[in-house]
Every structure is written in structure tokens, then in C-alpha cells.
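Chemist: quick one: sequence plus predicted model below, questions after.
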Amino acid sequence: MTVIEVDGLRKTYGEVTAVHDVSFTVREGEVFGILGPNGAGKTTTVECLSGLRVPDAGTVSVLGLDPSRERDALRQVLGVQLQECGLPDRLTVGEILDLFASFHRRPADTGELLDRLGLRDKAAARYRKLSGGQKQRLAIALAMVGRPRAVVLDELTTDLDPHARRATWDLVEQVRDSGVTVVLVTHFMEEAERLCDRVALIDAGRVVAVDTPAGLAARGDRGQRMRFRLPDDFDDAVLRALPEVTGLTRHGGRIEVTGDANLVLAVTSLLARRRVIAADLRVEQATLDDAFLALTGSGAATSPTTRPAQARTSR
Ligand SMILES: Nc1ncnc2c1ncn2[C@@H]1O[C@H](COP(=O)(O)OP(=O)(O)OP(=O)(O)O)[C@@H](O)[C@H]1O
């Protein structure tokens, strides 16, 4: 079942066209990522989904509702956490949660929500005293307090340390496992790979691809890359001569070769036949970063362009 449908969305701010033409659909129960470089139009897009901005053109439907005309009904089925939540510093976590619960017809049990999100011992703490990770957990709690069928989470883990980021990812998975559809705005490739079932890649206000993270990564695939060390006197011409090798660079004994999908087998076989040992061998595969860079023409990716194959997260 389709939960969110965006078709030909366009939004301008005066002279600036933030979103030119964005279309995608989000299916029930999935984590749908909106990925793209800074200024791509991600926040504007989810603000239009959330009824906070009125599109200049195009249609948006969230659980059958038009967000710009049916905001009250929308609030009962869509939970929203946006980048700037502007919560009052002096209120406590419990007070903020109760306040937000009062906006809903059938709110979740706030005590249970505090437990689920690991905030029970912070119920009496003032908002300003919370760490970045605790603030984000509260933001998720606020998005969930109305028992929504779908939530929008915008750059949830920006500014969090790696530990807090991973803890927040676990919470997003809990939200998904409870049957809530998630729209997740991010520019962290690792986050999209770990959490998202499908991703819309947006660049300069347009969707450049919608695919699974693995499908997207394959589009940016530049084949395989190996790095290793060889004795200084090794003649690399034999490596260059391999049909599987498309490029080779050498700095002293440090060699980097790129090539097709059979590169690793071809290179390791050749070295074994010559009884040469490749030290510090690393094999790298294309990741979502490569696709991001290839498809958006942007250098704005926030993690290294490739990661060692053995370090990839499986899902
Ligand atoms: N209220 C506004 N008034 C004028 N221009 C705006 C406004 N909000 C956003 N913009 C501009 O619209 C474009 C898209 O912004 P938006 O915040 O939607 O992008 P984003 O992909 O979410 O970026 P980021 O990753 O940096 O948050 C940018 O050029 C931005 O400067």
C-alpha cells in the first residue's frame, strides 16, 4: 500500500527554486530515505509532506490527505521531527511530552514512551540539560506520541557522536518494527545503507534516482580497487598487462590498481604464480558514496568515498 505520494512537487522561496520537480512514493512499513547534498531541497520536500509549506505546483498525498489543506487530520496520522524543533529550554522532558500528547486525540502512554526511548531517568530534567543524543531521542518520542502511522525524521543524527548515532539508528529500527512507515532525511551514506529500504537521491531540487541502497551503490560502481605493497624492484608492467586491470598508480612500493569485477582474482593469481607476497592488501568496493558523487556531481558526501569491503554493514 502507498502511504505517501509526491508528484511533480515544486516550491520556490522568492527568487530561489528550492524544489524544481520531485516525485516519489513511499510504501507502507518501509524506511524511505531522502538523500542529497546540502541545499538539495530535502527539508523543503519533507516540510511540504508535513503541511508546513504549501507547494507552488504538484500534488502531495499522505495517507490519503492533502497536507496543505488537511493539517489537523494529518497531525493525527503523521509524526514529524524537523531539524529546528525550538523546544522550550526550561520545560522538563516529561512536561514537553505531556504537552505534545495533549495535541492528540489518542496519545501514546507517555511513561511507556519514556521507557522505550531510554528517557525515563530524564523525565524531570530540563530540556537544556539534555545531551545531543537525548534531545534526538526526545524528538523521536515527540514524533511518536500521537501513535502515528508514518513519521518524518529530518537529519536526526547530525551533530551526534558515533555512539549516539548508532543508538539512534536502533531506535529508528524499533519505530519501523512497530509498523510505522519512516521517511528519513539524511546526508550520511552509512545511515542510508543501514536503515533505508529505498532511497530517493535528490540533487538541486530534482530526483536523480530512486532505488534500494544496494541498487544505488551499483549505479556508482567503478569496479573493484585494490591497494597493497610490493617489493620496490617488482616490475608492475605485468600487472598493467592484465586485461582485468584498467588503472594502476604506484608510489614506491605502494600500488593501487582498479579494474573490473574479476580484478581481485586476476591480480592475486598472478602474484601467487610469481611467488610475490602483497602486503597490507585491501580490497574496496563501490558504495553508496560513489553513487552519490557520480549521480549528484557533488563532492559533499560526508564519509570516505569507498570503504573496505570487510567493513560493510550487512542488513
Ligand atoms: N525559508 C527559506 N527562504 C529562502 N530560501 C530557502 C528557505 N529555505 C530553504 N531555502 C533555500 O532552498 C534551497 C533548498 O533548501 P533545503 O533546506 O530544502 O535543502 P536541504 O537539502 O534540506 O539542505 P541541508 O542538507 O543543508 O539541510 C537552498 O538553496 C536553501 O538556501
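Modeler: Yep, it's here.

Chemist: which residues touch stretch 169-178?
Modeler: 29-31, 116-117, 137, 140, 144, 151, 153, 156-157, 182, 184, 191, 194-195 (Cβ atoms under 8 Å, 6 or more residues apart in numbering). Using the backbone N, CA and C atoms, a C-beta is placed for each residue, glycine as well.

Chemist: if we go by neighbour counts, what in that stretch is buried?
Modeler: Residues of stretch 169-178 classed as buried by neighbour count (16 or more other Cβ atoms under 10 Å): 169, 171-172, 175-176.

Chemist: quick one: secondary structure of the residue lying closest to Pro148 once chain neighbours are set aside?
Modeler: Leaving aside its sequence neighbours, Pro148 sits nearest to Gly79 (Cβ to Cβ, 6 or more residues apart in numbering; 3.7 Å). With DSSP: H, G, I helix; E, B strand; the rest coil as the basis, Gly79 sits in strand.

Chemist: OK, contacts around Gly79?
Modeler: 142-146, 148, 150-152, 180.

Chemist: most neighbours, which of the residues you listed?
Modeler: Val152 (26 neighbours; other Cβ atoms under 10 Å).

Chemist: is it located within a strand, as I assumed?
Modeler: Yes: under three-state DSSP, Val152 sits within a strand.

Chemist: just list whatever residues bridge to it.
Modeler: Here Val152 shows beta-bridge partners Val80, Val183, assigned using DSSP bridges.

Chemist: that one contacts Gln81, doesn't it?
Modeler: Yes: using Cβ atoms under 8 Å, Val152 is in contact with Gln81, at 6.9 Å.

Chemist: mean confidence (pLDDT) on the lengthiest helix in the chain, please.
Modeler: As assigned by DSSP state H, the longest helix anywhere in the chain is helix 162-177. Mean pLDDT, computed over helix 162-177, is 88.

Chemist: distance between it and the chain's centre?
Modeler: Put simply, helix 162-177 sits 12 Å off its chain's centre (Cα atoms, centre = their mean, to the nearest Å).

Chemist: hey, C-alpha coordinates of it in CSV?
Modeler: The C-alpha coordinates for helix 162-177 follow below in CSV (Å, rounded to 0.1, in the frame of the first residue of the first chain):
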residue,chain,number,x,y,z
PRO,A,162,29.2,7.8,16.5
HIS,A,163,27.9,6.0,19.6
ALA,A,164,24.8,8.2,20.0
ARG,A,165,24.2,7.9,16.2
ARG,A,166,24.2,4.1,16.4
ALA,A,167,21.9,4.2,19.4
THR,A,168,19.5,6.5,17.4
TRP,A,169,19.6,4.1,14.5
ASP,A,170,18.5,1.3,16.8
LEU,A,171,15.5,3.5,17.8
VAL,A,172,14.6,4.1,14.2
GLU,A,173,14.6,0.4,13.6
GLN,A,174,12.3,0.0,16.6
VAL,A,175,9.9,2.5,15.2
ARG,A,176,9.9,0.7,11.8
ASP,A,177,9.4,-2.7,13.6
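
Chemist: what angle sits between it and strand 150-154?
Modeler: Between the axes of helix 162-177 and strand 150-154, defined by axes from the mean of the first three to the mean of the last three Cα atoms, to 10 degrees, the angle is 160 degrees.

Chemist: up against the ligand, what does the stretch 151-300 of the chain have?
Modeler: His187 (Cβ under 6 Å from any ligand atom).

Chemist: in the stretch 151-300 of the chain, what residue is nearest the ligand?
Modeler: His187 (5.6 Å; Cβ to the nearest ligand atom).

Chemist: distance of that residue relative to Gln136?
Modeler: Distance of His187 to Gln136, computed by Cβ to Cβ, to the nearest Å: 16 Å.

Chemist: out of these two, which sits in the busier spot?
Modeler: Gln136 (26 against 21).

Chemist: would you say that one is within a helix?
Modeler: Yes: judged by three-state DSSP, Gln136 forms part of a helix.

Chemist: return stretch 277-284 as PDB; C-alpha atoms alone will do.
Modeler: Extracted C-alpha coordinates of stretch 277-284, given in PDB (Å, rounded to 0.1, in the frame of the first residue of the first chain):
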ATOM      1  CA  ILE A 277      53.500 -11.500  -1.400                       C
ATOM      2  CA  ALA A 278      51.300  -8.500  -1.500                       C
ATOM      3  CA  ALA A 279      51.500  -6.800   2.000                       C
ATOM      4  CA  ASP A 280      48.800  -4.700   3.500                       C
ATOM      5  CA  LEU A 281      46.200  -5.800   0.900                       C
ATOM      6  CA  ARG A 282      42.900  -4.000   1.000                       C
ATOM      7  CA  VAL A 283      40.000  -4.500  -1.400                       C
ATOM      8  CA  GLU A 284      37.500  -1.800  -1.800                       C
END
